[in-house]
Structures are given as structure tokens and as C-alpha cells.
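Enquirer: Prediction below, plus the sequence it came from.
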Amino acid sequence: QVQLVESGGGLVQAGGSLGLSCAASGNTFSINVMGWYRQAPGKQRELVASITRSGTTNYADSVKGRFTISRDNAKKTVYLQMNSLKPEDTAVYYCNAVRSDGLSAYWGQGTQVTVSS
């Protein structure tokens, strides 16, 4: 099992910045991809960004150039730096980790990000 604990988030004005962190514990040796998803009210959960153990990143088109995902394998932590935030970025952000064999995925409890206009 893998446990994910998120921190960061909160309320920010449009154009501002926020940073999220997600610390993993447990059987983390089995984890390859870590990432961030978000879910706004009335919408489906969507991928924001992901990063492999080797550092390959993937971003949703809506956040490219504004968000940066990074990872510290020694600290078992993944980060999401969010700049130039927009009201449409408002959502609950969830940390996600996927095993190398793809057979299991783990989720954090979610953290609220609210961007005011």
C-alpha cells in the first residue's frame, strides 16, 4: 500500500501563484508515475500533470506554460507549482501515484484550490 498526503492549496487571486506538495509513504518502491488531477464542481476529474520516476512530464493543454510538476525521489515527494492562476483552475486537486505494473493506483485526500477573479 501507498499513502499520499497533500499539502498546499488555498485561496489566491487570479494571476497569482500557489504550490502543492504530495508526500508518499509505504511501498513507494513500486511507484513509477506520480501526478496531479483536479475535479471542479459538476465536472469529471481530469489529469493536470504527471511525471515519471525518470522525470518525463506530461501536462494538460490548459495548464501548459503555467504549471510545473517536479519530483524528488529521495524525499518521495511530488510538487506542482501553479503560476498565472485563472478562476477556471478552481478545483479540488488530488495527488495520484501509479505502480510500475499499472495494476494499482493510489489517491490523496484532495486539497482545495480556489482562484478568485
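Expert: Cool, the structure landed. Residues are numbered from 1 along each chain as shown.

Enquirer: What segments of this structure are strands?
Expert: Applying DSSP state E to the chain gives strands spanning 2-8, 10-13, 18-26, 31-39, 46-51, 57-59, 67-72, 77-82, 91-99, 105-107, 111-116.

Enquirer: could these be laid out in a markdown table, adding mean pLDDT and mean neighbour count?
Expert: Where C-beta positions appear, they are placed from N, C-alpha and C, glycine not excepted. Listed next are the strands of the chain as a markdown table, based on pLDDT from 0 to 100; neighbours: other Cβ atoms under 10 Å:
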| stretch | mean pLDDT | mean neighbour count |
| --- | --- | --- |
| strand 2-8 | 95 | 17 |
| strand 10-13 | 98 | 12 |
| strand 18-26 | 97 | 18 |
| strand 31-39 | 97 | 21 |
| strand 46-51 | 98 | 19 |
| strand 57-59 | 98 | 15 |
| strand 67-72 | 98 | 17 |
| strand 77-82 | 98 | 22 |
| strand 91-99 | 97 | 21 |
| strand 105-107 | 95 | 15 |
| strand 111-116 | 98 | 17 |
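
Enquirer: any idea how far the residue nearest the centre of the chain lies from Ser117?
Expert: Note on the chain: the residue nearest the mean C-alpha position is Trp36, at 2.3 Å, using Cα atoms, centre = their mean. Taking Cβ to Cβ, to the nearest Å as the criterion, Trp36 is separated from Ser117 by 23 Å.
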